[in-house]
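Based on what follows, work out the 3D shape:
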Amino acid sequence: MQKVDKTQPTTDLLCCVESVEESAESAESGCTKDALSHDTHSHSTSSHSTSYCDGTTTLFTPDPQPKEPSLQSQYRSSCLHTAEIEDWFTAADRYGFIKETRTLTNKQVEKEVERAAKWATMATHKTTQQQDMYYTFLWTRKFVNRVYKGIPDCWRRDAWYYMCTEQLQTAAQDTVLRTTYTNLLQSPSEHERQIDLDIPRTMGDHIMFRQRYGSGQRSLFNMLRAFSNYDPQVGYCQGMTNIAATILMYYEEEKAFLVLVHMFLRDPLHDLYRPGFPMLLESFFIQEGLLEYYLPKLYRHLNALGVGSDLYATRWYITLFTGGILPCQTLLRVWDIYFLCGFDIFYVVAVVLLKTMQDQLIKGEFEDCMQLLGTAVVVKDDDLLIATVRRLYDKIQRHGIFASLKQHYKTQRLETW
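Next comes the predicted model:
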């Protein structure tokens with residue numbers, strides 16, 4: 001196996017190359033086959049008649065129309081011109097998005113190279129009994145500090161996996177999960193039609209997911225269809241497409257499915273999506289409680305307008321802040337600390353984001369507030385945002401506010417019942 005120098009900053013474009021080029025390599029042959037198939041169908045289905053000298057006519061009926069191709073077959077066949085793919089790569093930023101994001105300055109590039117080298121000294125190769133190879137780290141204060149500073153992009157894949165498997169403690173389940181995934185792909189899903197409808201709306205400005213029925217969309221379709229069968233009570237929820245797509249930016253299809261399952265098992269996200277959305281309702285309660293305590297003026301203003309968390313924060317939590325809510329580089333920093341701290345960190349992120357919008361929100365009426373809260377959040381300084389989130393999160397943890405709010409919510413629910 002060729003070793004990769006992880007002291008150099010890499011981009012997600014490298015993660016996308018193989019899946020996008022796969023479509024390019026098969027483009028010519030795929031288009032030719034489609035053309036031949038179309039030509040064959042046009043001849044086999046055309047009806048014609050023959051007239052005889054006695055005046056009779058024999059009508060030759062066409063062959064039955066071919067069945068509509070299944071979704072799986074559509075995702076297996078697609079074609080794209082290589083020149084178009086090259087244009088995408090030329091226009092894409094370091095994460096693979098076509099629309100421009102903030103570019104790194106020379107100083108930031110040097111800083112990322114320096115941080116990548118430090119991460120390399122922290123990492124240790126580990127091989128399991130199943131011959132799976134991972135990187136492991138010592139969960140020390142130094143490790144925590146470096147996650148908060150931002151995981152170098154070339155280390156995100158390994159660091160995220162290490163954290164979401166609870167320091168590789170649950171990684172042993174992967175062997176069974178791989179077999180499960182293979183079996184799940186053979187089974188149809190009652191949700192696959194809705195999944196197929198949502199995929200074109202998912203990260204269409206990313207080179208992995210621009211091509212209809214291309215390899216990136218195929219991986220996304222397979223992953224979500226399999227998961228809908230893996231957790232039938234959850235099935236499929238629209239917010240999951242952007243979560244899965246973000247994971248696929250760093251992992252191949254099968255490994256992305258494993259990471260998604262580990263996320264559901266750890267946090268547990270099952271209650272966020274199952275019928276009734278109990279974890280989502282709890283999230284609204286916790287956010288309102290934190291807002292009242294830390295931003296009382298904004299809380300009173302929004303409450304007077306009737307702008308509750310349920311009106312704007314649903315898409316924040318149901319998508320884990322993906323789907324264009326935050327700029328990509330900010331989202332990745334937020335996900336770094338999500339994998340470190342768990343789902344509770346999202347409550348703090350929500351409060352800090354509201355604080356950045358506080359002046360505008362307090363001046364606005366209902367429509368103004370809803371419009372501002374429904375658009376992408378502008379974050380000027382990622383380091384400042386994450387540092388603020390860390391200070392508030394540590395303070396909330398020290399005072400046991402999360403536990404208190406959760407207990408209060410459970411008590412309130414019991415009284416309601």
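
Return the residues in contact with the most centrally placed residue in the chain.
Central residue of the chain (Cα atoms, centre = their mean): Ile243, 2.1 Å from the mean position. Shown in contact with Ile243 (Cβ atoms under 8 Å, 6 or more residues apart in numbering): Leu260, Thr319, Leu320, Thr322. Placement of C-beta: from N, CA and C, glycine included.

In a helix, it, correct?
Yes - the assignment for Ile243 is a helix, going by DSSP: H, G, I helix; E, B strand; the rest coil.

returning to what we had before: mind picking the two most distant members of the contacts of Ile243?
Leu260 and Thr319 (13.4 Å; Cβ to Cβ).

quick one: Thr356 and Asp381 touch, right?
No - with contact defined as Cβ atoms under 8 Å, Thr356 does not count as touching Asp381 (9.9 Å).

Between the two, which is the more surrounded one?
In terms of neighbours (other Cβ atoms under 10 Å), Thr356 is the more surrounded of Thr356 and Asp381; the figures are 17 against 11.

Tell me, what's the model's pLDDT at the more buried one?
pLDDT, Thr356: 95.

try Gln194
96.

who are the neighbours in contact with it?
Gln194 neighbours (Cβ under 8 Å, 6+ apart): Tyr236, Gln238.

you'd agree it is in a helix?
Yes - under three-state DSSP, Gln194 falls within a helix.

quick one: it from Gln238, how far?
Separation of Gln194 from Gln238 (Cβ to Cβ, to the nearest Å) stands at 8 Å.

cool, and Ile362?
32 Å.

Then Pro200?
13 Å.

ok, now Met122?
38 Å.

dump the residue contacts of Tyr148.
Listed by Cβ under 8 Å, 6+ apart, the contact set of Tyr148 reads Asp336, Ile337, Leu340, Ile386, Ala387, Arg390.

which other helices and strands contact the strand or helix carrying the last one?
Counting by DSSP states H and E, the secondary-structure element that holds Arg390 is helix 382-398. Applying 3 or more Cβ pairs under 8 Å, 6 or more residues apart in numbering; DSSP states H and E, one finds that helix 382-398 contacts helix 141-149, helix 328-341, helix 345-356.

could you check the angle helix 345-356 makes with that helix?
Counting by axes from the mean of the first three to the mean of the last three Cα atoms, to 10 degrees, helix 382-398 lies at 120 degrees to helix 345-356.

Now do helix 382-398: everything it contacts.
148-150, 290, 294, 329-330, 333-334, 337, 341, 344-345, 348-349, 351-353, 355-356, 379, 402.

what's the angle between the helix or strand following it and helix 382-398?
Using DSSP H and E, the helix or strand that follows helix 382-398 in sequence is helix 401-416. With the same axes, to 10 degrees applied, the angle from helix 401-416 to helix 382-398 works out at 60 degrees.

Summarise which helices and strands helix 401-416 is packed against.
Looks like helix 401-416 contacts helix 278-294 (3+ Cβ pairs under 8 Å, 6+ apart).

which element follows the helix it packs on toward the C-terminus?
Next along from helix 278-294, by DSSP H and E: helix 296-305.

Can you check what angle separates that following helix from helix 345-356?
90 degrees.

Quick check: buried residues in helix 296-305?
Residues Leu298, Tyr299, His301, Leu302, Leu305 are the ones in helix 296-305 that count as buried (16 or more other Cβ atoms under 10 Å).

So which residues of the stretch 51-200 of the chain form strands?
In the stretch 51-200 of the chain, the segments counted as strands under DSSP state E, counting those that start in this stretch are 57-60, 124-127, 133-136.

for the last one, packing partners?
To tie it back to what came earlier, the one meant is strand 133-136. With contacts taken as 3+ Cβ pairs under 8 Å, 6+ apart, strand 133-136 sits against strand 124-127, helix 156-164.
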